[in-house]
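Asks: need a 3D model of the following:
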Amino acid sequence: MNTKNQARNLMMRHSLNVRNRQQSMLGRTASEIGLDLDTNHYESEQPGNLGSTFDRSNAAMS
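Replies: Reported below is the predicted structural model:
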């Protein structure tokens, strides 16, 4: 596998991990306040768009 493919795969995996973490946090928060929430409804329309408030440096690992 060449370097470009490796970099692309790493970035795609990172993006997926961030999106999954955001959905988990949204679901936990919703359940804590008593809402029944389908987090799939809140996925970004643009693949790879993670929002301006989340990045690797300030997202908590869970």
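Asks: what's the burial count for residue 4?
Replies: For residue 4, the count of nearby residues is 8 (other Cβ atoms under 10 Å). (Glycine included, C-beta is placed from N, CA and C.)
Asks: likewise for residue 12?
Replies: Residue neighbour count, defined by other Cβ under 10 Å, stands at 12 for residue 12.
Asks: give me the element it is part of.
Replies: When elements are assigned from DSSP states H and E, residue 12 belongs to helix 3-32.
Asks: which residue packs closest to residue 36, ignoring adjacent ones?
Replies: Nearest non-adjacent residue to residue 36, counting by Cβ to Cβ, 6 or more residues apart in numbering: residue 30, 7.5 Å away.
Asks: distance check, that neighbour against residue 23.
Replies: Using Cβ to Cβ, to the nearest Å, residue 30 is found at 10 Å from residue 23.
Asks: re the thing from before, any buried residues in the helix holding residue 12, and which?
Replies: Residues 18, 19, 22 are the ones in helix 3-32 that count as buried (16 or more other Cβ atoms under 10 Å).
Asks: closest one of these to residue 2?
Replies: residue 18 (24.8 Å; Cβ to Cβ).
Asks: how close does the closest one sit to residue 6?
Replies: For residue 18, the distance to residue 6 - Cβ to Cβ - is 19 Å.
Asks: for the nearest residue to residue 9 once chain neighbours are set aside, report the pLDDT, please.
Replies: Spatial nearest neighbour of residue 9, excluding adjacent residues (Cβ to Cβ, 6+ apart): residue 1 at 7.8 Å. For residue 1, the model assigns a pLDDT of 73.
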